[in-house]
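Engineer: sequence unknown, structure follows:
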């Protein structure tokens, strides 16, 4: 296995560990008002970075591994980093209906799973 193949395998494994929602679960979640209300919006308002990321994650999950692009691998690494960092910021108390959980779900990770 070449170094590139090893790096891609590691990225896929890390991504699979971070993203615990299926493509259909994530699509359904991204259609909710709660999903659209959280996250950092770009300069002109509109869609948040996390919501846009969720749409890219759905596309990745629906692809065959052999069809992944360099952009897909870069996004997988971004998702892994975000989920790892944001997971450490869990608020005290019940986080079921929290912006923290909703934001993670936009990135394909439901902390309650």
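Structural biologist: Alright, I've got the coordinates. Please read all numbers here as calculations on a predicted model, not as lab measurements. Numbers count the residues shown, from 1 in each chain.

Engineer: only C-alpha atoms for contact and neighbour calcs from this point on.
Structural biologist: OK.

Engineer: Helix or strand for residue 75, just tell me which one.
Structural biologist: Element membership for residue 75 (DSSP states H and E) is helix 70-87.

Engineer: Which neighbouring elements make contact with that helix?
Structural biologist: helix 3-18, helix 49-62, helix 99-106 (3 or more Cα pairs under 8 Å, 6 or more residues apart in numbering; DSSP states H and E).

Engineer: any chance of those in JSON lines, with mean neighbour count too?
Structural biologist: Listed next are the helices and strands packed on helix 70-87 as JSON lines, based on neighbours: other Cα atoms under 10 Å:
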{"stretch": "helix 3-18", "mean neighbour count": "14"}
{"stretch": "helix 49-62", "mean neighbour count": "19"}
{"stretch": "helix 99-106", "mean neighbour count": "23"}
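
Engineer: would you turn the ones you listed into JSON lines with distance to residue 36?
Structural biologist: Below are the helices and strands packed on helix 70-87 laid out as JSON lines (distance: least, Cα to Cα, whole Å):
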{"stretch": "helix 3-18", "distance to residue 36": "21"}
{"stretch": "helix 49-62", "distance to residue 36": "7"}
{"stretch": "helix 99-106", "distance to residue 36": "9"}
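
Engineer: Export those helices as CSV, with columns for distance to residue 39 and mean pLDDT.
Structural biologist: Formatted as CSV, these follow (distance: least, Cα to Cα, whole Å; pLDDT from 0 to 100):
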stretch, distance to residue 39, mean pLDDT
helix 3-18, 18, 92
helix 49-62, 6, 96
helix 99-106, 6, 97
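
Engineer: And those: which comes nearest residue 74?
Structural biologist: Of all the helices and strands packed on helix 70-87, helix 3-18 sits nearest to residue 74, with 8.9 Å by Cα to Cα.

Engineer: Report the angle between the closest one and helix 70-87.
Structural biologist: Here helix 3-18 runs at an angle of 40 degrees relative to helix 70-87 (axes from the mean of the first three to the mean of the last three Cα atoms, to 10 degrees).
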